[in-house]
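Asks: Predicted model and sequence follow; I will ask about them next.
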Amino acid sequence: RWAAAATGLPAGARAEETRAELGRVGRLAGPLVLQNVLGYGLTFLNVIFCGRLSRRDLATVLLANSVYNVTGLSLLIGLASALETYCGNAYGGGQYGLLNGYLLRAVMINLLACILVLLVWTQMEGVLVALGMDAELAAAASAYLWRLSPGLFFACFYECSKRYMQSISVVVAPMLAAAAVVLCSPLVFWWCIFRSGWGLAGAAFAVNLCTAMLAVAVMSLVVWTNLQGIGESKAKPWEGVSTREMLSQAFSNWRHFLDVGVPATIQTCAEWWVWEIVIVMSSLLPPDPDRGIEADTYVSVMGILLQLASMTYMVLMALQQAAATRVAVELGRKRPAQAQLAAGVCLLVGRVFITVICVALVASRSLVMALFTDKEGVQQLASAAMPWMAWSSWNDCVNGIYNGVLRGCGRQWLAAVINTLGNWGIGLPLSTFLGLRAGYRVRGLWGGLIVAMAAVNVFYLWQFLRLDWDKEAQRDLHPGELRAGEEPDAALG
């Protein structure tokens, strides 16, 4: 058991089985790394092009993007991640007739979430002003946010379709589709912002257009995959399922879907929102005239370090997604030993990769900081805090893989409780005390996060060692779901 804790692999795992599973994880995670980075590329390009307009326009975009991600995209990602559990398990168990019903249900629930988010956005200008933002900046960011609202609906279709394809282990084609869109996007941004003279309105239009292109591309792949058949047997999920049955799946049993989708959303938001709050807290740190550090220096330092942490997490998130998919598929096939091996391989590979990345970042921190800024004070302070960021990222990325394992098992509530208690019960209060009260400033902010991530890591490890894989394989994750040829009323009970 403790050997399993140290390596992530189950005791008695044979070398040839481990190598075979490593190949499966690599074929799944490799394209997902590129897809995650490419998806992040649209936001990156948006900031780069808007940075050529004016400082006010750049601040508007950065603030609006933050609100968009925190109040909108994080909800969609959390809800859509339920497909990793349900579709992955159904695919592994050969219940192909459930796949499209789950996809349609996810889309309908996410569309409803988009409408609720828009209602919140109607009051966003007042909320930003109440939080102490400049009135003109709050008004500009609110207006830009509304221009992004069509993209939220396109993101709904994209996130759901992407998770659907991932759950049936089709990842290369969506990655190529994302690459094609991102390669075209610089021209789209240039045309909409500069060539047309639309400025910020053009930037929002470009984001919406590129997100729509992503959604259409991946949705087309979903249709194509259904027509061609999935898996080695080339099964066609739509065969034997009437339109009435599929619509019944889409509009029924929402509580069952939300039993997994809601805790997944809570877990995603609990972690995402803490990082945003920490950035705001860095703006409250007092200046240090003796060291020539102004108040806005801390914001720059935390922004750069969190940017690096996010980029690192984007790479390792592929292993989180691979863990969720592989575990769900193998549990659906009633192969608990293989599911445990898949989880162990993802954990072992994740620990190795994040260790290499963190060591490389710390060793080259002076060069890395020079890529972000030419201000000597920011470089020195960020370089000094880099080891703290690296240790926090190490724990955060390993925690993400544990979270993926629990998602594959359908244990999202457990992950939500652990993450929420760790981030909000330990991390945020401790960061506030160490950074603002105890006078440790940036190191204090990161110190609180490190303690929280380490505590979460311990709790995840404890739960991982307590998993009864045989019982997990016997759980029915599809109660009340309509099977092919079954009357809708019978499925609903």
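Replies: That came through, no problem.

Asks: Contact partners for A322?
Replies: V25, L28, A29, L32, C346, G404 (CB atoms under 8 Å, 6 or more residues apart in numbering). From N, CA and C alone the C-beta is placed, and that goes for glycine too.

Asks: Make sure R443 is actually in contact with W388.
Replies: Yes: counting by CB atoms under 8 Å, R443 does reach W388; the two are 6.0 Å apart.

Asks: And the pLDDT for G229?
Replies: Looking at G229, its pLDDT reads 87.

Asks: What lies in contact with stretch 137-150?
Replies: Stretch 137-150 has contacts (CB under 8 Å, 6+ apart) with 56, 59-61, 63-64, 67-68, 118, 121, 124-125, 128-129, 133, 200-201, 203-205, 207-208, 212.

Asks: what do you get if the cut-off is 6 Å, keeping everything else the same?
Replies: 60, 63-64, 67-68, 118, 121, 124-125, 128-129, 200, 204, 208 (CB atoms under 6 Å, 6 or more residues apart in numbering).

Asks: These into a markdown table, with extra columns for pLDDT and distance to M246?
Replies: Formatted as a markdown table, the contacts of stretch 137-150 follow (pLDDT from 0 to 100; distance: CB to CB, whole Å):
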| residue | pLDDT | distance to M246 |
| --- | --- | --- |
| T60 | 85 | 43 |
| L63 | 82 | 41 |
| A64 | 87 | 37 |
| V67 | 87 | 36 |
| Y68 | 91 | 32 |
| L118 | 96 | 27 |
| W121 | 95 | 32 |
| M124 | 92 | 37 |
| E125 | 91 | 41 |
| L128 | 86 | 42 |
| V129 | 87 | 46 |
| L200 | 90 | 41 |
| A204 | 94 | 35 |
| N208 | 96 | 29 |
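
Asks: okay if I get the residues you listed as TSV plus distance to G51, neighbour count and secondary structure?
Replies: Listed next are these as TSV, based on distance: CB to CB, whole Å; neighbours: other CB atoms under 10 Å; DSSP: H, G, I helix; E, B strand; the rest coil:
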residue	distance to G51	neighbour count	secondary structure
T60	11	25	helix
L63	14	20	helix
A64	14	27	helix
V67	18	21	helix
Y68	17	24	helix
L118	28	15	helix
W121	24	20	helix
M124	23	18	helix
E125	23	19	helix
L128	21	21	helix
V129	25	15	helix
L200	12	21	helix
A204	15	26	helix
N208	20	20	helix
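
Asks: What is the nearest of the residues you listed to F44?
Replies: For the contacts of stretch 137-150, the minimum distance to F44 (CB to CB) is 14.4 Å, reached by Y68.

Asks: any chance you could read off phi and psi for the residue nearest to the closest one when sequence neighbours are not counted?
Replies: Excluding the flanking residues, the one nearest Y68 by CB to CB, 6 or more residues apart in numbering is L148, at 5.6 Å. Dihedral pair for L148: phi -80, psi -10, per degrees, to the nearest 10.

Asks: Any figure for the gap between L148 and P263?
Replies: Counting by CB to CB, to the nearest Å, the gap between L148 and P263 amounts to 27 Å.

Asks: Now do the contacts for the closest residue to L430 other than its chain neighbours.
Replies: Of all residues not flanking L430 in the chain, G448 sits nearest, at 3.5 Å (CB to CB, 6+ apart). Residues near G448 by CB under 6 Å, 6+ apart: G427, L430, S431, L434.

Asks: and with 10 Å instead?
Replies: Listed by CB atoms under 10 Å, 6 or more residues apart in numbering, the contact set of G448 reads 274, 278, 281, 392, 423, 426-435, 440.
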